[in-house]
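**Q** Dropping a prediction and its sequence here:
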Amino acid sequence: MKPRHPAPLNALRTFEAAARNLSFNTAAQQLFVTPAAVSHQVKHLETYLGVTLFHRGNRSVELTAEGKALAAALGDIFGQLDLALDRVTSHASADLRISTLESFAAKWLAPRLHRFHHAFPDIRVRIETGNEPADFARGVDVAIRYGPGGYAGLHAERLMEAPAFPVCAPSLALSRLDDLRQQTLLHDESALGRPGVPQWADWLEAAGVEGVDASRGPVFASIYLAQEAAIAGHGIALGIAPLVKEDVLHGRLLPPFERSLPNAYAFWLLRRDDARPRAAVNAFCGWLQQEAGDDAAFWEARRTGR
């Protein structure tokens, strides 16, 4: 049997952190060492390998071709190592790491997660929020993202459509489209610059509403914040169906007008495409699809009056 390569593992781990962040300072913060220690370990690795891994500038570093190749390989290796250690040291082998958006976690997932725990009490779910690409190599089991699709290298399923329509607190008592002229429009900044994602100008045009400045009103960093402002009675937001369902069901919000606009973005269920899913992953994804189906039935019943 060929012996293992006597590689300097500490230097490799340090290089991987520096390469991932393209910063010795950031790598030092993550590894709880000094930037000088990071620089020393990277230099040690370069000497050991006989190649230059970084082009060093005054205030920045850039990977060489050799550095890029090594960083890509180490990212996968350390990701698999972290995942293996997490699973070995976990007291619950059925733990799941779920990555999703803050808005989706707060307005859709959290209010109904108790039903999953009731059905699968032995599976512990850890919810992480963010909008960056989910890092499946470092232990994420399932991701839910809002986007146009095209998630290369992943098993992607369209979980829910996301039609958009106005929502407001019942206290505003809107009944006519003309009432919008006296209302504050609440905007979601995350919708800006996304082709096919409805904004107020699109909805007002489709509804034939004139004399309303579609740009007026406060702008919020997420639909979650705009929706909370609407619940508080501060104006009318352009909500998307999955995120407003719980608030509509419990009377915190109502859609005063029937018209909705289709959305080029949808909610997607993402998993690794190169691994056999664990039973816990299959259970969670099946539960998500069932809940999504219930939501679709809820909106269809409202639309048809049944």
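**A** Received it, and whenever you're ready, just let me know what you need. Numbering: from 1, shown residues only.
**Q** Show me where the protein has its strands.
**A** Ranges of strands in the chain, per DSSP state E, are 54-56, 61-63, 96-100, 125-129, 142-147, 154-161, 164-167, 185-188, 219-220, 236-240, 266-272.
**Q** Columns mean pLDDT on top of the ones you listed, output as CSV?
**A** CSV is the format used below for those (pLDDT from 0 to 100):
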stretch, mean pLDDT
strand 54-56, 91
strand 61-63, 91
strand 96-100, 93
strand 125-129, 93
strand 142-147, 94
strand 154-161, 93
strand 164-167, 96
strand 185-188, 94
strand 219-220, 94
strand 236-240, 95
strand 266-272, 93
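**Q** which other residues reach stretch 54-62?
**A** The contact list for stretch 54-62 (C-beta atoms under 8 Å, 6 or more residues apart in numbering) reads 18, 22-24, 42, 63-64, 67. (Each C-beta comes from the backbone N, C-alpha and C, glycine too.)
**Q** how far is that stretch from where the chain is centred?
**A** Mean-position distance between stretch 54-62 and its chain equals 31 Å (C-alpha atoms, centre = their mean, to the nearest Å).
**Q** So which bits of that stretch are buried?
**A** 54, 61 (16 or more other C-beta atoms under 10 Å).
**Q** try stretch 39-57
**A** In terms of neighbour count (16+ other C-beta under 10 Å), stretch 39-57 has its buried residues at 39, 41-42, 45-46, 49, 53-54.
**Q** same question, stretch 237-251
**A** Neighbour-count burial for stretch 237-251 [16+ other C-beta under 10 Å]: 237-248.
**Q** pLDDT below threshold where in the chain?
**A** Within the chain, the stretches with pLDDT under 70 are 1-5, 82-94, 274-277, 306.
**Q** show me the residues around Ala266 that make contact.
**A** Ala266 neighbours (C-beta under 8 Å, 6+ apart): 146-149, 158-162.
**Q** one more time with 10 Å, if that's ok
**A** By C-beta atoms under 10 Å, 6 or more residues apart in numbering, Ala266 lies in contact with 145-149, 158-163, 240, 242.
**Q** Using PyMOL, make a named selection holding only the buried ones among those residues.
**A** Here is the PyMOL command that selects only those of these that count as buried (16+ other C-beta under 10 Å):
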select buried, resi 145+146+147+159+160+161+162+163+240+242
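**Q** Need the max-distance pair from the contacts of Ala266.
**A** Arg145 and Pro163 (17.7 Å; C-beta to C-beta).
**Q** close enough to count as contact, Val244 and Phe165?
**A** Yes. With contact defined as C-beta atoms under 10 Å, Val244 reaches Phe165; the gap is 8.4 Å.
**Q** Check the contact lists of the two and give me the overlap.
**A** By C-beta under 10 Å, 6+ apart, Val244 and Phe165 have these common neighbours: 237, 255.
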